[in-house]
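Novice: fold the following.
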Amino acid sequence: MPELFRLIDKNFSKVDDEWQWTYSVEFVFIFNKQVINYITITNHTWKKKGREWMTKELVLNIFNQELNGRKAKPTNYQGKRKVFIRKRVYYDNKKYKLVFWFKDGATNHLWIRNCHQQD
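Specialist: Purely as a prediction, here's the structure:
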């Protein structure tokens, strides 16, 4: 079975004080009518205790199931980017919250800031 995502870069950003893993998308992934070629996950999710069990693979699977082929509107975030927040996303009978945006104005690269289970 071919991999859905392939790790192409892992680095530590001193500016953001976080690890970042970038994956190439090895299949057709469309979000908001844009073809997504790259997804970057930051370690922000794992900075809070109790989330050690979450894996990058789980985050990618949740995003693939929840976002592939779908559309969403950004929140009313007042910063320089359009932030998407998806609450009550179900995966394997568990509820998750997703926080992400397009990287630096790109239309083919999603930047995942947070993904965590909700009560």
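Novice: now do the contacts for residue 95.
Specialist: The contact partners of residue 95, taken as Cβ atoms under 8 Å, 6 or more residues apart in numbering, are 88-89, 117-119. Glycine gets a C-beta too; all of them are placed from N, C-alpha and C.
Novice: against residue 116, how distant is it?
Specialist: When distance is defined by Cβ to Cβ, to the nearest Å, residue 95 is 10 Å away from residue 116.
Novice: show me where the protein dips below the pLDDT cut-off.
Specialist: 1-2 (pLDDT under 70).
Novice: how many neighbours does the closest residue to residue 74 other than its chain neighbours have?
Specialist: Ranked by Cβ to Cβ, 6 or more residues apart in numbering and with sequence neighbours excluded, the top spatial neighbour of residue 74 is residue 82, at 3.7 Å. For residue 82, the neighbour count with other Cβ atoms under 10 Å is 14.
Novice: can you check the one 5 residues further on too?
Specialist: Under the neighbour criterion other Cβ under 10 Å, residue 87 is assigned a count of 10.
Novice: on that earlier part again, helices - which of the contacts of residue 95 land there?
Specialist: With DSSP state H as the criterion, helices contain none of the contacts of residue 95.
Novice: so can I have CSV of those residues showing distance to residue 27 and neighbour count?
Specialist: Listed next are those as CSV, based on distance: Cβ to Cβ, whole Å; neighbours: other Cβ atoms under 10 Å:
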residue, distance to residue 27, neighbour count
88, 26, 8
89, 20, 18
117, 26, 16
118, 28, 10
119, 33, 3
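Novice: so which of those residues sit within strands?
Specialist: 88-89, 117 (DSSP state E).
Novice: tell me the one of those nearest residue 37?
Specialist: residue 89 (22.4 Å; Cβ to Cβ).
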